[in-house]
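>>> No sequence on hand, only this structure:
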């Protein structure tokens, strides 16, 4: 288990570093601010946040990715999917943190962390469990091992637990995170 956690963490950190590098290269290539953060924050502060719409949109986005991961987890394609997913999540986090740092300086790191809190408390274990389950089943398919009834039961049990955790993360992101982010942005400006 520790070996898998280390591999997952290395892939995530490689994506994180690539996200930071990409944001810096874009800034140097363009020579000006390339992010949409000020536009987003200006619109966010001028209108009332509609949490139900945010929840529905996040449920559609994260839910479709979750069910896709669950379906692909039963095949040998789960191994490259998990690897690509960890790199992509790391890339997005690194890019976001770098953009906040470039736009707001050291105070921007606080805003970047606020973007991830509190839903990160549920997303990390939820996606880790989904990726771990998909990786285990995918490796059995990859190596052409026979999957028994117990394997499928365990897979769907852990997938269900990860689905509940991801759903809690979606709820926190849509109802709680918006308020935290607005208060942090009030502090920054």
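Looks like it came in fine. The model shown is predicted, which means the values in this text are computed figures rather than measured ones.
>>> Every contact and neighbour count from this point should use C-alpha atoms.
Fine.
>>> Could you check how far residue 92 is from residue 160?
According to Cα to Cα, to the nearest Å, residue 92 and residue 160 sit 25 Å apart.
>>> repeat for residue 18
Where residue 160 is concerned, residue 18 sits at a distance of 32 Å (Cα to Cα).
>>> Surely residue 98 touches residue 22?
No - the pair residue 98 / residue 22 is not scored as a contact, 9.2 Å apart, by Cα atoms under 8 Å.
>>> just the helices in this protein please.
Here the chain has its helices, by DSSP state H, at 2-30, 37-46, 51-72, 78-104, 107-116, 120-142, 149-175, 177-188.
>>> Any idea which of those helices has the lowest pLDDT on average?
Note on the helices of the chain: lowest mean pLDDT is at helix 37-46, with a mean of 53.
>>> quick revisit: will you turn the helices of the chain into JSON lines that also has mean neighbour count?
Below are the helices of the chain laid out as JSON lines (neighbours: other Cα atoms under 10 Å):
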{"stretch": "helix 2-30", "mean neighbour count": "16"}
{"stretch": "helix 37-46", "mean neighbour count": "11"}
{"stretch": "helix 51-72", "mean neighbour count": "16"}
{"stretch": "helix 78-104", "mean neighbour count": "21"}
{"stretch": "helix 107-116", "mean neighbour count": "19"}
{"stretch": "helix 120-142", "mean neighbour count": "21"}
{"stretch": "helix 149-175", "mean neighbour count": "18"}
{"stretch": "helix 177-188", "mean neighbour count": "16"}
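>>> Check the gap between the residue nearest the centre of the chain and residue 188 for me.
Most central residue of the chain, judged by C-alpha distance to the mean C-alpha position with Cα atoms, centre = their mean, is residue 89 at 4.9 Å. Using Cα to Cα, residue 89 is found at 26 Å from residue 188.
>>> now do residue 109
11 Å.
>>> Give me the spatial nearest neighbour of the residue sitting furthest away from the middle of the chain, chain neighbours excluded.
Note on the chain: the largest C-alpha distance from the chain mean falls to residue 146, namely 31.8 Å (Cα atoms, centre = their mean). Counting by Cα to Cα, 6 or more residues apart in numbering, residue 140 is the residue found nearest to residue 146 once chain neighbours are left out, at 7.1 Å.
>>> need the contact list for that neighbour.
76, 146, 147 (Cα atoms under 8 Å, 6 or more residues apart in numbering).
>>> which of those residues lies closest to residue 115?
residue 76 (33.9 Å; Cα to Cα).
>>> And for the closest one, the neighbour number?
20 (other Cα atoms under 10 Å).
>>> can you pull the contacts of it?
Going by Cα under 8 Å, 6+ apart, residue 76 touches 137, 138, 139, 140, 141, 142.
>>> ok, the third one touching residue 79?
Looking back up the chat, that one is residue 139. Yes - counting by Cα under 8 Å, residue 139 touches residue 79, with 6.6 Å between them.
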